[in-house]
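>>> What would the 3D arrangement of this be:
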Amino acid sequence: MTRRYFGTDGIRGRVGNEPMTPDFVLKLGWAAGRVLVDGGHPTVLIGKDTRISGYMLESALQAGLSAAGVNIRLLGPMPTPAVAYLTRTLRASAGIVLSASHNPYYDNGVKFFSCDGSKLPDDVELRIEAEMDRPLETVDSASLGKAERVVDAAGRYIEFCKSTVPWGTRLRDLRVVVDCAHGATYHVAPDVLEELGAEVIAIGVDPNGTNINADCGATAPQQLRTAVLRHQADIGIALDGDGDRLIMVDARGEVVDGDEALAILAWARRAQGAAGGGVVGTQMSNLGLEKALAAMGTPFARARVGDRYVMELLKQQGWLLGGESSGHLICLDKTTTGDGIVSALQILSIMAETDKPLHELKAVMHKYPQALVNVPIAQRIDLDRARGVQAAVSAVEAELGAAGRVLLRASGTEPLVRVMVEGESERQVAKLAETIAAAVREAAAAG
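Numbering: from 1, shown residues only. Prediction:
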(Lines give C-alpha, C1' and ligand atoms only; values in the text may rest on other atoms or scores of the structure.)
Protein backbone atom coordinates (compact mmCIF):
# COMPACT_ATOMS: atom_id res chain seq x y z
CA MET A 1 0.00 0.00 0.00
CA THR A 2 1.11 3.57 -0.67
CA ARG A 3 1.65 5.75 2.38
CA ARG A 4 -0.46 8.88 2.50
CA TYR A 5 0.60 10.43 5.78
CA PHE A 6 3.53 8.64 7.40
CA GLY A 7 7.06 9.52 6.31
CA THR A 8 10.38 8.16 7.54
CA ASP A 9 9.81 9.57 11.02
CA GLY A 10 6.10 9.74 11.75
CA ILE A 11 3.81 12.40 10.28
CA ARG A 12 5.16 15.90 9.83
CA GLY A 13 4.13 19.18 8.21
CA ARG A 14 3.54 22.89 8.56
CA VAL A 15 1.08 23.73 11.31
CA GLY A 16 -2.26 24.90 9.92
CA ASN A 17 -1.82 22.95 6.69
CA GLU A 18 -2.82 19.32 6.21
CA PRO A 19 -1.92 17.12 7.90
CA MET A 20 -0.89 19.31 10.84
CA THR A 21 -4.35 20.65 11.68
CA PRO A 22 -6.34 20.12 14.89
CA ASP A 23 -9.09 18.14 13.16
CA PHE A 24 -6.59 15.82 11.48
CA VAL A 25 -4.66 15.20 14.70
CA LEU A 26 -7.89 14.53 16.59
CA LYS A 27 -8.87 11.91 14.01
CA LEU A 28 -5.32 10.52 14.07
CA GLY A 29 -5.51 10.08 17.84
CA TRP A 30 -8.78 8.21 17.49
CA ALA A 31 -7.42 5.99 14.69
CA ALA A 32 -4.21 5.24 16.57
CA GLY A 33 -6.19 4.46 19.69
CA ARG A 34 -8.21 1.86 17.83
CA VAL A 35 -5.14 0.23 16.27
CA LEU A 36 -2.51 0.41 19.00
CA VAL A 37 -4.55 -0.79 21.94
CA ASP A 38 -6.30 -4.01 22.72
CA GLY A 39 -9.41 -4.01 24.89
CA GLY A 40 -10.06 -2.70 28.38
CA HIS A 41 -8.94 0.82 29.26
CA PRO A 42 -5.46 0.99 27.72
CA THR A 43 -3.06 3.85 28.45
CA VAL A 44 -1.06 5.99 26.00
CA LEU A 45 1.65 8.49 26.96
CA ILE A 46 1.85 11.88 25.23
CA GLY A 47 5.03 13.96 25.22
CA LYS A 48 5.95 17.02 23.19
CA ASP A 49 8.79 19.41 22.47
CA THR A 50 8.65 23.17 23.12
CA ARG A 51 6.85 24.39 19.97
CA ILE A 52 3.96 26.75 20.60
CA SER A 53 1.71 24.55 18.46
CA GLY A 54 2.21 21.70 20.93
CA TYR A 55 -0.51 23.11 23.19
CA MET A 56 -3.10 23.01 20.42
CA LEU A 57 -2.14 19.65 18.95
CA GLU A 58 -1.79 17.98 22.35
CA SER A 59 -5.40 18.89 23.15
CA ALA A 60 -6.60 17.55 19.81
CA LEU A 61 -4.64 14.31 20.16
CA GLN A 62 -5.92 13.85 23.70
CA ALA A 63 -9.52 14.29 22.55
CA GLY A 64 -9.13 11.71 19.79
CA LEU A 65 -7.59 9.13 22.10
CA SER A 66 -10.29 9.71 24.71
CA ALA A 67 -12.99 9.23 22.07
CA ALA A 68 -11.46 5.82 21.31
CA GLY A 69 -11.64 4.86 24.99
CA VAL A 70 -7.95 5.33 25.72
CA ASN A 71 -6.56 6.73 28.98
CA ILE A 72 -3.86 9.37 28.58
CA ARG A 73 -0.82 10.20 30.69
CA LEU A 74 0.62 13.61 29.84
CA LEU A 75 4.38 14.05 30.12
CA GLY A 76 4.67 17.68 29.03
CA PRO A 77 7.88 18.76 27.24
CA MET A 78 10.09 15.67 27.12
CA PRO A 79 12.74 14.40 24.69
CA THR A 80 11.52 11.88 22.14
CA PRO A 81 13.80 9.11 23.52
CA ALA A 82 12.47 9.84 27.00
CA VAL A 83 8.95 9.09 25.79
CA ALA A 84 10.19 5.81 24.32
CA TYR A 85 11.81 4.89 27.66
CA LEU A 86 8.82 5.92 29.77
CA THR A 87 6.39 4.07 27.49
CA ARG A 88 8.28 0.89 28.26
CA THR A 89 8.87 1.40 31.98
CA LEU A 90 5.39 2.75 32.78
CA ARG A 91 3.90 -0.27 30.95
CA ALA A 92 1.88 1.92 28.59
CA SER A 93 0.22 0.53 25.47
CA ALA A 94 1.94 3.14 23.29
CA GLY A 95 3.76 6.46 23.39
CA ILE A 96 3.19 9.49 21.17
CA VAL A 97 5.45 12.52 20.71
CA LEU A 98 4.40 15.84 19.21
CA SER A 99 7.59 17.09 17.58
CA ALA A 100 9.11 18.02 14.26
CA SER A 101 12.60 17.22 15.55
CA HIS A 102 15.14 19.56 13.91
CA ASN A 103 12.57 21.51 11.82
CA PRO A 104 11.64 25.17 12.51
CA TYR A 105 8.96 26.04 15.07
CA TYR A 106 6.20 26.47 12.48
CA ASP A 107 6.37 22.76 11.64
CA ASN A 108 5.19 19.99 13.91
CA GLY A 109 4.72 16.25 13.74
CA VAL A 110 3.45 13.12 15.43
CA LYS A 111 5.73 10.19 16.25
CA PHE A 112 4.62 6.87 17.69
CA PHE A 113 6.25 4.23 19.88
CA SER A 114 4.93 0.77 20.57
CA CYS A 115 4.70 -0.68 24.08
CA ASP A 116 8.33 -1.84 24.00
CA GLY A 117 9.65 1.65 23.20
CA SER A 118 10.45 1.00 19.55
CA LYS A 119 9.10 2.82 16.52
CA LEU A 120 6.10 1.36 14.76
CA PRO A 121 6.61 -1.10 11.90
CA ASP A 122 5.29 -0.20 8.47
CA ASP A 123 2.27 -2.48 8.67
CA VAL A 124 0.99 -0.83 11.85
CA GLU A 125 1.37 2.64 10.33
CA LEU A 126 -0.61 1.47 7.31
CA ARG A 127 -3.36 0.12 9.59
CA ILE A 128 -3.62 3.54 11.26
CA GLU A 129 -3.87 5.21 7.86
CA ALA A 130 -6.62 2.78 6.85
CA GLU A 131 -8.52 3.53 10.07
CA MET A 132 -8.46 7.24 9.18
CA ASP A 133 -10.89 6.48 6.32
CA ARG A 134 -13.57 5.29 8.74
CA PRO A 135 -16.06 7.65 10.38
CA LEU A 136 -15.09 8.63 13.90
CA GLU A 137 -17.27 6.79 16.40
CA THR A 138 -17.03 7.84 20.03
CA VAL A 139 -17.21 5.07 22.61
CA ASP A 140 -19.98 5.14 25.20
CA SER A 141 -19.60 8.00 27.68
CA ALA A 142 -18.82 5.64 30.54
CA SER A 143 -15.92 4.22 28.51
CA LEU A 144 -14.25 7.51 27.47
CA GLY A 145 -10.57 7.82 28.29
CA LYS A 146 -9.34 9.91 31.22
CA ALA A 147 -6.19 12.05 31.38
CA GLU A 148 -3.63 12.62 34.13
CA ARG A 149 -0.22 14.26 34.27
CA VAL A 150 2.97 12.36 35.12
CA VAL A 151 4.72 14.64 37.59
CA ASP A 152 8.08 12.85 37.90
CA ALA A 153 8.76 12.13 34.21
CA ALA A 154 11.95 14.21 33.99
CA GLY A 155 13.45 12.70 37.14
CA ARG A 156 12.79 9.16 35.94
CA TYR A 157 14.50 9.85 32.63
CA ILE A 158 17.48 11.62 34.22
CA GLU A 159 18.16 8.56 36.36
CA PHE A 160 17.88 6.31 33.32
CA CYS A 161 20.40 8.39 31.34
CA LYS A 162 22.90 8.22 34.21
CA SER A 163 22.46 4.44 34.38
CA THR A 164 23.77 4.00 30.83
CA VAL A 165 27.38 4.70 31.82
CA PRO A 166 29.42 2.42 34.12
CA TRP A 167 28.79 2.79 37.83
CA GLY A 168 31.38 5.11 39.30
CA THR A 169 31.83 7.17 36.12
CA ARG A 170 32.66 10.72 37.15
CA LEU A 171 32.90 13.66 34.79
CA ARG A 172 34.24 16.09 37.39
CA ASP A 173 37.38 16.86 35.37
CA LEU A 174 35.38 17.86 32.27
CA ARG A 175 34.02 21.27 31.38
CA VAL A 176 31.06 20.74 29.06
CA VAL A 177 28.99 23.17 27.02
CA VAL A 178 25.57 21.76 26.18
CA ASP A 179 23.25 23.37 23.61
CA CYS A 180 19.67 22.18 24.06
CA ALA A 181 18.33 24.06 20.99
CA HIS A 182 15.60 25.65 23.16
CA GLY A 183 13.95 22.26 22.82
CA ALA A 184 12.73 19.36 24.87
CA THR A 185 16.05 18.61 26.63
CA TYR A 186 16.37 22.08 28.19
CA HIS A 187 15.32 20.86 31.66
CA VAL A 188 16.99 17.45 31.44
CA ALA A 189 20.42 17.43 29.75
CA PRO A 190 22.14 19.99 32.03
CA ASP A 191 20.95 18.11 35.14
CA VAL A 192 22.21 14.76 33.83
CA LEU A 193 25.69 16.18 33.22
CA GLU A 194 25.85 18.08 36.51
CA GLU A 195 24.76 15.06 38.52
CA LEU A 196 27.62 13.09 36.96
CA GLY A 197 30.03 15.77 38.13
CA ALA A 198 30.74 17.79 35.00
CA GLU A 199 31.15 21.55 35.03
CA VAL A 200 28.26 22.56 32.77
CA ILE A 201 27.70 25.67 30.68
CA ALA A 202 24.16 25.42 29.30
CA ILE A 203 22.93 27.36 26.27
CA GLY A 204 19.71 27.04 24.28
CA VAL A 205 17.73 26.48 27.48
CA ASP A 206 15.21 29.34 27.24
CA PRO A 207 12.37 28.06 25.04
CA ASN A 208 9.62 30.54 24.16
CA GLY A 209 7.64 28.43 21.71
CA THR A 210 9.16 29.92 18.56
CA ASN A 211 12.94 29.73 19.06
CA ILE A 212 13.34 25.94 18.92
CA ASN A 213 16.27 25.02 16.61
CA ALA A 214 16.66 28.71 15.65
CA ASP A 215 20.36 29.07 14.77
CA CYS A 216 21.27 26.66 17.53
CA GLY A 217 21.41 22.99 18.40
CA ALA A 218 22.59 20.03 16.35
CA THR A 219 21.69 21.56 12.98
CA ALA A 220 23.50 24.85 13.66
CA PRO A 221 26.51 24.24 15.95
CA GLN A 222 28.14 27.66 15.37
CA GLN A 223 26.96 29.04 18.73
CA LEU A 224 28.20 25.92 20.45
CA ARG A 225 31.60 26.23 18.80
CA THR A 226 31.88 29.86 19.92
CA ALA A 227 30.90 28.95 23.49
CA VAL A 228 33.38 26.05 23.66
CA LEU A 229 36.25 28.28 22.60
CA ARG A 230 35.18 31.19 24.85
CA HIS A 231 34.85 29.00 27.94
CA GLN A 232 37.85 26.80 27.04
CA ALA A 233 35.63 23.77 27.44
CA ASP A 234 36.72 20.17 26.89
CA ILE A 235 33.71 19.35 24.73
CA GLY A 236 30.53 20.83 23.34
CA ILE A 237 27.31 18.84 23.00
CA ALA A 238 24.55 19.97 20.63
CA LEU A 239 21.14 18.33 20.73
CA ASP A 240 18.22 18.99 18.41
CA GLY A 241 14.71 20.11 19.32
CA ASP A 242 13.47 16.70 20.44
CA GLY A 243 16.76 15.33 21.74
CA ASP A 244 17.41 12.37 19.46
CA ARG A 245 20.37 13.90 17.58
CA LEU A 246 23.90 14.56 18.80
CA ILE A 247 26.59 16.72 17.21
CA MET A 248 29.73 17.53 19.19
CA VAL A 249 32.49 20.13 19.14
CA ASP A 250 35.99 19.33 20.43
CA ALA A 251 38.18 21.65 22.50
CA ARG A 252 39.71 23.07 19.31
CA GLY A 253 36.30 24.13 18.03
CA GLU A 254 36.09 21.41 15.36
CA VAL A 255 32.71 19.80 14.73
CA VAL A 256 32.44 16.05 15.34
CA ASP A 257 29.51 14.50 13.49
CA GLY A 258 27.61 11.25 13.80
CA ASP A 259 30.02 9.26 11.63
CA GLU A 260 33.00 10.24 13.77
CA ALA A 261 31.04 9.49 16.94
CA LEU A 262 30.20 6.02 15.60
CA ALA A 263 33.86 5.38 14.84
CA ILE A 264 34.81 6.36 18.41
CA LEU A 265 32.12 4.15 19.92
CA ALA A 266 33.10 1.19 17.73
CA TRP A 267 36.81 1.67 18.56
CA ALA A 268 36.14 1.81 22.30
CA ARG A 269 33.97 -1.29 22.24
CA ARG A 270 36.59 -3.13 20.23
CA ALA A 271 39.28 -2.08 22.71
CA GLN A 272 37.14 -3.27 25.62
CA GLY A 273 36.47 -6.58 23.90
CA ALA A 274 32.74 -5.93 24.00
CA ALA A 275 30.54 -8.03 21.74
CA GLY A 276 28.09 -6.32 19.45
CA GLY A 277 28.85 -7.41 15.91
CA GLY A 278 29.11 -4.74 13.28
CA VAL A 279 27.99 -1.17 12.70
CA VAL A 280 25.11 0.05 10.56
CA GLY A 281 25.42 3.39 8.79
CA THR A 282 23.45 4.83 5.89
CA GLN A 283 23.95 5.75 2.27
CA MET A 284 25.10 9.15 3.56
CA SER A 285 27.76 7.77 5.91
CA ASN A 286 31.24 9.04 5.10
CA LEU A 287 33.57 6.72 3.24
CA GLY A 288 36.08 7.35 6.01
CA LEU A 289 33.82 5.55 8.50
CA GLU A 290 33.68 2.48 6.30
CA LYS A 291 37.47 2.43 5.96
CA ALA A 292 38.06 3.01 9.68
CA LEU A 293 35.77 0.14 10.63
CA ALA A 294 37.44 -2.12 8.09
CA ALA A 295 40.82 -1.34 9.68
CA MET A 296 39.37 -2.37 13.07
CA GLY A 297 37.98 -5.58 11.62
CA THR A 298 34.44 -4.42 12.36
CA PRO A 299 31.74 -5.28 9.79
CA PHE A 300 29.82 -2.38 8.27
CA ALA A 301 26.52 -2.20 6.39
CA ARG A 302 24.62 0.72 4.85
CA ALA A 303 20.89 1.21 5.31
CA ARG A 304 18.55 3.65 3.63
CA VAL A 305 18.64 7.14 5.11
CA GLY A 306 16.43 7.38 8.19
CA ASP A 307 16.96 6.04 11.69
CA ARG A 308 14.03 3.63 11.29
CA TYR A 309 15.94 1.89 8.48
CA VAL A 310 19.14 1.82 10.53
CA MET A 311 17.14 0.16 13.29
CA GLU A 312 15.62 -2.39 10.90
CA LEU A 313 19.04 -3.41 9.58
CA LEU A 314 20.52 -3.59 13.09
CA LYS A 315 17.78 -6.03 14.10
CA GLN A 316 18.23 -8.06 10.93
CA GLN A 317 21.98 -8.34 11.52
CA GLY A 318 21.72 -8.80 15.28
CA TRP A 319 24.09 -5.86 15.83
CA LEU A 320 23.94 -3.16 18.52
CA LEU A 321 25.52 0.02 17.13
CA GLY A 322 24.38 2.22 14.27
CA GLY A 323 23.53 5.72 13.22
CA GLU A 324 23.60 8.57 10.76
CA SER A 325 25.99 11.38 9.90
CA SER A 326 23.35 13.83 11.14
CA GLY A 327 23.81 12.57 14.68
CA HIS A 328 21.06 9.97 15.12
CA LEU A 329 23.01 7.33 17.04
CA ILE A 330 21.54 4.02 18.22
CA CYS A 331 23.10 1.95 21.01
CA LEU A 332 20.75 -0.98 21.39
CA ASP A 333 22.59 -2.27 24.45
CA LYS A 334 21.63 0.98 26.20
CA THR A 335 18.17 1.91 24.92
CA THR A 336 15.60 1.14 22.23
CA THR A 337 15.90 4.23 20.03
CA GLY A 338 18.23 7.06 19.08
CA ASP A 339 19.05 9.20 22.12
CA GLY A 340 21.26 12.29 21.99
CA ILE A 341 21.90 12.49 25.73
CA VAL A 342 22.67 8.79 26.10
CA SER A 343 24.98 8.89 23.06
CA ALA A 344 26.82 11.92 24.47
CA LEU A 345 27.30 10.12 27.78
CA GLN A 346 28.94 7.17 26.01
CA ILE A 347 31.50 9.51 24.42
CA LEU A 348 32.07 11.38 27.69
CA SER A 349 32.65 8.13 29.57
CA ILE A 350 35.23 7.08 26.95
CA MET A 351 37.00 10.43 27.41
CA ALA A 352 36.98 9.96 31.18
CA GLU A 353 38.14 6.35 31.04
CA THR A 354 40.92 6.83 28.47
CA ASP A 355 41.90 10.35 29.61
CA LYS A 356 41.97 11.31 25.93
CA PRO A 357 40.48 14.53 24.51
CA LEU A 358 37.81 14.32 21.84
CA HIS A 359 40.08 15.57 19.04
CA GLU A 360 42.46 12.67 19.75
CA LEU A 361 39.67 10.10 19.89
CA LYS A 362 38.18 11.21 16.58
CA ALA A 363 41.53 10.59 14.85
CA VAL A 364 40.51 6.93 14.63
CA MET A 365 38.67 8.00 11.44
CA HIS A 366 39.94 10.04 8.48
CA LYS A 367 36.98 11.96 7.12
CA TYR A 368 36.66 12.25 3.34
CA PRO A 369 35.53 15.59 1.91
CA GLN A 370 31.79 15.50 1.40
CA ALA A 371 29.58 18.17 -0.15
CA LEU A 372 25.85 18.23 0.54
CA VAL A 373 23.46 20.56 -1.27
CA ASN A 374 19.78 20.69 -0.26
CA VAL A 375 17.62 21.76 -3.20
CA PRO A 376 14.15 23.05 -2.23
CA ILE A 377 11.33 21.75 -4.42
CA ALA A 378 7.69 22.83 -4.60
CA GLN A 379 6.50 19.32 -5.46
CA ARG A 380 8.06 15.89 -5.75
CA ILE A 381 9.88 15.05 -8.96
CA ASP A 382 10.78 11.62 -10.32
CA LEU A 383 14.57 11.80 -10.20
CA ASP A 384 14.98 8.51 -12.09
CA ARG A 385 13.08 9.93 -15.09
CA ALA A 386 14.68 13.38 -15.07
CA ARG A 387 17.10 12.92 -17.98
CA GLY A 388 19.08 16.06 -17.27
CA VAL A 389 19.62 15.02 -13.67
CA GLN A 390 20.66 11.50 -14.58
CA ALA A 391 23.07 12.82 -17.22
CA ALA A 392 24.67 15.12 -14.65
CA VAL A 393 25.00 12.26 -12.17
CA SER A 394 26.62 9.99 -14.78
CA ALA A 395 29.12 12.68 -15.74
CA VAL A 396 30.09 13.30 -12.11
CA GLU A 397 30.45 9.59 -11.35
CA ALA A 398 32.69 9.20 -14.39
CA GLU A 399 34.92 12.05 -13.18
CA LEU A 400 35.18 10.66 -9.64
CA GLY A 401 35.78 7.07 -10.67
CA ALA A 402 36.51 4.71 -7.77
CA ALA A 403 37.75 7.56 -5.56
CA GLY A 404 34.30 8.91 -4.70
CA ARG A 405 30.57 8.45 -4.88
CA VAL A 406 27.28 10.27 -5.50
CA LEU A 407 24.02 10.04 -3.61
CA LEU A 408 20.83 11.72 -4.81
CA ARG A 409 17.61 11.37 -2.85
CA ALA A 410 14.40 13.12 -1.89
CA SER A 411 14.11 13.99 1.81
CA GLY A 412 11.54 11.97 3.71
CA THR A 413 10.75 14.81 6.13
CA GLU A 414 11.17 18.08 4.18
CA PRO A 415 10.41 19.35 0.63
CA LEU A 416 14.02 18.95 -0.45
CA VAL A 417 16.20 16.93 -2.79
CA ARG A 418 19.53 16.13 -1.17
CA VAL A 419 22.61 16.00 -3.40
CA MET A 420 25.73 14.46 -1.87
CA VAL A 421 29.11 14.08 -3.56
CA GLU A 422 32.11 12.52 -1.81
CA GLY A 423 35.71 12.31 -2.96
CA GLU A 424 39.32 13.14 -2.21
CA SER A 425 39.28 16.88 -3.01
CA GLU A 426 37.08 19.35 -1.12
CA ARG A 427 37.06 21.81 -4.00
CA GLN A 428 36.20 19.13 -6.54
CA VAL A 429 33.28 17.63 -4.61
CA ALA A 430 31.79 21.09 -3.93
CA LYS A 431 31.88 21.92 -7.64
CA LEU A 432 30.43 18.57 -8.69
CA ALA A 433 27.65 18.68 -6.11
CA GLU A 434 26.59 22.09 -7.41
CA THR A 435 26.59 20.74 -10.98
CA ILE A 436 24.04 18.07 -10.03
CA ALA A 437 22.06 20.53 -7.86
CA ALA A 438 21.72 22.88 -10.84
CA ALA A 439 20.28 20.01 -12.90
CA VAL A 440 17.79 19.23 -10.11
CA ARG A 441 16.68 22.89 -9.95
CA GLU A 442 16.15 22.88 -13.71
CA ALA A 443 14.11 19.69 -13.54
CA ALA A 444 12.02 21.07 -10.68
CA ALA A 445 11.33 24.30 -12.57
CA ALA A 446 10.22 22.32 -15.62
CA GLY A 447 7.71 20.45 -13.46
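
>>> mind checking which helix or strand Ala263 is in?
helix 258-272 (DSSP states H and E).

>>> chain center to that helix, what's the gap?
19 Å (Cα atoms, centre = their mean, to the nearest Å).

>>> Could you give the average pLDDT over it?
For helix 258-272, the mean per-residue pLDDT is 95.

>>> List the buried residues in the helix-or-strand element of the chain with minimal mean pLDDT.
Least confident helix or strand of the chain, by mean pLDDT, DSSP states H and E, is strand 405-410 with a mean of 89. For strand 405-410, the neighbour count (16 or more other Cβ atoms under 10 Å) marks 405-408, 410 as buried. For glycine as for every other residue, the C-beta is placed from the backbone atoms N, C-alpha and C.

>>> swap in stretch 265-278?
Residues of stretch 265-278 classed as buried by neighbour count (16+ other Cβ under 10 Å): 265-269, 276, 278.

>>> Over to stretch 251-260?
251, 253, 256-260.

>>> Stretch 315-328 too?
317, 319-328.

>>> Can you flag which of these belong to strands?
321-323 (DSSP state E).

>>> can you redo those as a markdown table with pLDDT and distance to Glu414?
As requested, these are arranged in a markdown table below (pLDDT from 0 to 100; distance: Cβ to Cβ, whole Å):
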| residue | pLDDT | distance to Glu414 |
| --- | --- | --- |
| Leu321 | 97 | 27 |
| Gly322 | 97 | 22 |
| Gly323 | 97 | 20 |
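
>>> Going by distance to Leu289, which of these wins?
Relative to Leu289, the closest of those is Gly323; by Cβ to Cβ it sits at 9.7 Å.

>>> helix/strand/coil for the residue lying farthest from the centre of the chain?
The centre of the chain is farthest from one residue, Ala142, which by Cα atoms, centre = their mean lies 39.3 Å away. Counting by DSSP: H, G, I helix; E, B strand; the rest coil, the backbone at Ala142 sits in helix.

>>> again, but for Leu246
strand.

>>> For Glu290, state which of the buried residues of stretch 251-260 is nearest.
Asp259 (9.3 Å).

>>> so what's the closest one up against?
281, 285-286, 288-289, 325, 365, 367 (Cβ atoms under 8 Å, 6 or more residues apart in numbering).

>>> Any chance of a markdown table for the buried residues of stretch 251-260, columns distance to Thr50?
Putting these into a markdown table (distance: Cβ to Cβ, whole Å) gives the following:
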| residue | distance to Thr50 |
| --- | --- |
| Ala251 | 29 |
| Gly253 | 27 |
| Val256 | 26 |
| Asp257 | 24 |
| Gly258 | 23 |
| Asp259 | 28 |
| Glu260 | 28 |
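
>>> Tell me what Leu408 is bridged to.
Per DSSP bridges, the residues bridged to Leu408 are Val419.

>>> My read is that it contacts Val393, right?
Yes - using Cβ atoms under 8 Å, Leu408 is in contact with Val393, at 6.1 Å.

>>> Kindly indicate which of the buried residues of stretch 251-260 lies nearest Gln222.
Gly253 (10.1 Å).

>>> Wait, the closest one touches Ala227, no?
No - assessed by Cβ under 8 Å, Gly253 is found out of contact with Ala227, at 9.9 Å.

>>> Gly7 pairs with what?
In beta-bridge terms (that is, DSSP bridges), Gly7 pairs with Gly10.

>>> quick revisit: how far off centre is the least confident helix or strand of the chain?
20 Å.

>>> Same check on stretch 293-308?
With Cα atoms, centre = their mean, you get 17 Å for stretch 293-308.

>>> Same question for stretch 70-79.
On Cα atoms, centre = their mean, the centre of stretch 70-79 falls 20 Å from that of its chain.

>>> Output the buried residues of strand 405-410 in CSV, with distance to Ala154 appended to each entry.
Output for these, formatted as CSV (distance: Cβ to Cβ, whole Å):
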residue, distance to Ala154
Arg405, 43
Val406, 44
Leu407, 39
Leu408, 42
Ala410, 37
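
>>> Spell out which residues make up each domain of the protein.
Annotated domains of the chain cover 11-151, 174-255, 257-367, 370-446 [automatic domain parsing].

>>> Check the offset of the third one from the chain's centre.
Between the centre of domain 257-367 and the centre of its host chain there is 14 Å, according to Cα atoms, centre = their mean.

>>> any idea which of the ones in strands among the buried residues of stretch 315-328 is closest to Leu400?
The closest of these, once distances to Leu400 are taken by Cβ to Cβ, is Gly323, at 25.2 Å.

>>> Enumerate the beta-bridge partners assigned to the closest one.
Following DSSP bridges, Gly323 is listed with bridge partners Leu329.

>>> Was I right to think it contacts Met311?
No - using Cβ under 8 Å, Gly323 is not in contact with Met311; the gap is 10.1 Å.

>>> so what sits against both of these two?
Contacts common to Gly323 and Met311, judged by Cβ under 8 Å, 6+ apart, are Ile330.

>>> Give me the buried positions along stretch 154-167.
154, 156-158, 160-162, 164-165.

>>> got it, and stretch 165-184?
165, 171, 174-184.

>>> does Trp281 sit in a helix, a strand or a coil?
To be clear, residue 281 is Gly; Trp isn't right here. Strictly by three-state DSSP, Gly281 counts as strand.

>>> If you could redo that for Val165, that was the one I meant.
coil.

>>> what's near enough to touch it?
196, 345-346, 348-349.

>>> all helices for the stretch 151-300 of the chain, in order.
153-163, 189-195, 222-231, 258-272, 287-296 (DSSP state H, counting those that start in this stretch).

>>> okay, these in CSV with distance to Ala443 next?
Formatted as CSV, the helices of the stretch 151-300 of the chain follow (distance: least, Cβ to Cβ, whole Å):
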stretch, distance to Ala443
helix 153-163, 45
helix 189-195, 42
helix 222-231, 32
helix 258-272, 30
helix 287-296, 27
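
>>> Out of these, flag the one nearest Thr354.
By Cβ to Cβ (comparing all of these), the closest turns out to be helix 258-272, at 7.7 Å.

>>> Report the angle between that closest one and helix 287-296.
Angle between the axes of helix 258-272 and helix 287-296 is 10 degrees (criterion: axes from the mean of the first three to the mean of the last three Cα atoms, to 10 degrees).

>>> any low-confidence regions in the stretch 151-300 of the chain?
Applying pLDDT under 70 to the stretch 151-300 of the chain flags residues 275.

>>> Next one, pLDDT for Gly54 please.
pLDDT at Gly54 comes out at 98.
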